[in-house]
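K.L.:
Got a sequence here, can you model it:
(chains A and B)
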2 protein chains.
Amino acid sequence: METNALSNQQTIFPGRAPSYDDLIQELDGLLRGERDWLVNLANASALLKLRIAELNWAGFYLWRDGQLVLGPFQGKPACVRIGRGRGVCGTAAARHTSLVVADVHQFAGHIACDAASASEVVIPLELPDRQIGVMDLDAPIPGRFNDADRAGLEVFAQHLTIGTDWPVFIGDATIPPQP
Amino acid sequence: METNALSNQQTIFPGRAPSYDDLIQELDGLLRGERDWLVNLANASALLKLRIAELNWAGFYLWRDGQLVLGPFQGKPACVRIGRGRGVCGTAAARHTSLVVADVHQFAGHIACDAASASEVVIPLELPDRQIGVMDLDAPIPGRFNDADRAGLEVFAQHLTIGTDWPVFIGDATIPPQP
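P.N.:
The predicted structure is shown next:
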């Protein structure tokens, strides 16, 4: 269907962090006047895929009934459920910290489903009372994501989390608090 | 994140209908053992975008609180809410029928948000007691969709609707029954 009027801004290339500011401004534009969780996750994944160069997957896994369950994303059909502490997503969630993995094939416990994915960054989405899930970006080249990408994506995730109303059936309050 | 092991099957090109059978077999594979609505809509939109050639958008609008609200999709960020009877999506929903529009710019009341979209097909998702929403595919060329596409996508939508558990907060029972 019909897309909003977005600018013709270029994509964010590896190692060029400044334009994360532009990306987050665009996100804020999408969030303005819309706080629905499903709408905002769907459009946020579309914005990530549109604006960040060299991604093969961008989307969300959400805590539902004690598992990280596939939510809105852009990319090829994906694994549907990730158990506690499993893979890069589950590990980032359990540690309450972003994870940048330069080579997913070297990550112990990596859930290898898409042979095309070579590097990955995972950002937890956190509310004061519970963890919503994780934002996950994959790239088909090793070492795609650096600290600038991580920092930019953490701000993106914060704006998305704060700018959205989350229903009670999403989230997990049993993840141990950060040390 | 990680994708399931899908075949290297080619995409469905305009006017070549036979491989809708293959597409629906792949959908059935994704639905096997997974009846969650969010998972299935997210993966179904990914499968449509992956397998059907010359699409710029593929996804779902769901009835929530009396509006067609954006759900999982693949493509550029999209319009978030469509009122009753508005645009191609709202018209197909109100009429309980699939609509193929060869040139969206000639469709009275078309909600023009993405200048790239030239043709469109919309398929209602129907349960016996209510309408779930619509499945919407856009193409950047006029006349992309023919009757074979429509027939194949209707079967796809039926399998998806039947193979999924729908929560009570999605759907609209007030749409008049089909004449």
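K.L.:
Ends of stretch A:27-42, what's the gap?
P.N.:
Using CA to CA, to the nearest Å, one end of stretch A:27-42 lies 12 Å from the other.
K.L.:
quick one: is it near chain B?
P.N.:
Yes - Stretch A:27-42 is in contact with chain B by CB under 8 Å from any CB of the partner chain, via A:30, A:34, A:36, A:38-39, A:42. Just so you know, the C-beta spots here come from the backbone N, C-alpha and C atoms, and that holds for glycine as well.
K.L.:
Neighbour-wise, which one of those leads?
P.N.:
residue A:42 (31 neighbours; other CB atoms under 10 Å in any protein chain shown).
K.L.:
That one: what's its closest spatial neighbour, skipping adjacent residues?
P.N.:
Leaving out its chain neighbours, the residue that sits closest to residue A:42 by CB to CB, 6 or more residues apart in numbering or on different chains is residue A:72, at 4.1 Å.
K.L.:
quick one: low-confidence parts of chain A?
P.N.:
A:1-18, A:112-114, A:175-179 (pLDDT under 70).
K.L.:
who touches the residue most central in space within it in this structure?
P.N.:
Geometric centre of chain A, nearest residue: residue A:135, 1.8 Å, by CA atoms, centre = their mean. Contact analysis of residue A:135 by CB atoms under 8 Å, 6 or more residues apart in numbering or on different chains lists A:44, A:48, A:59-60, A:122-125, A:153, A:156-157, A:160.
K.L.:
Tell me how far residue A:99 lies from chain B.
P.N.:
With distances taken as CB to the nearest CB, to the nearest Å, residue A:99 is found 13 Å from chain B.
K.L.:
what about that residue, neighbour count?
P.N.:
Per other CB under 10 Å, the neighbour tally for residue A:99 reads 20.
K.L.:
Ok, the one 10 residues further on next?
P.N.:
Other residues within reach of residue A:109, judged by other CB under 10 Å, total 10.
K.L.:
List the contacts of it.
P.N.:
A:86-87, A:91.
K.L.:
May I have the beta-bridge partners of residue A:57?
P.N.:
In this structure, residue A:57 bridges to residue A:75, residue A:138 when assessed by DSSP bridges.
K.L.:
Same list, the residues of stretch A:27-42 next to chain B, but as a markdown table with secondary structure please.
P.N.:
Formatted as a markdown table, the residues of stretch A:27-42 next to chain B follow (DSSP: H, G, I helix; E, B strand; the rest coil):
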| residue | secondary structure |
| --- | --- |
| A:30 | helix |
| A:34 | coil |
| A:36 | strand |
| A:38 | helix |
| A:39 | helix |
| A:42 | helix |
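K.L.:
Done for today, thanks.
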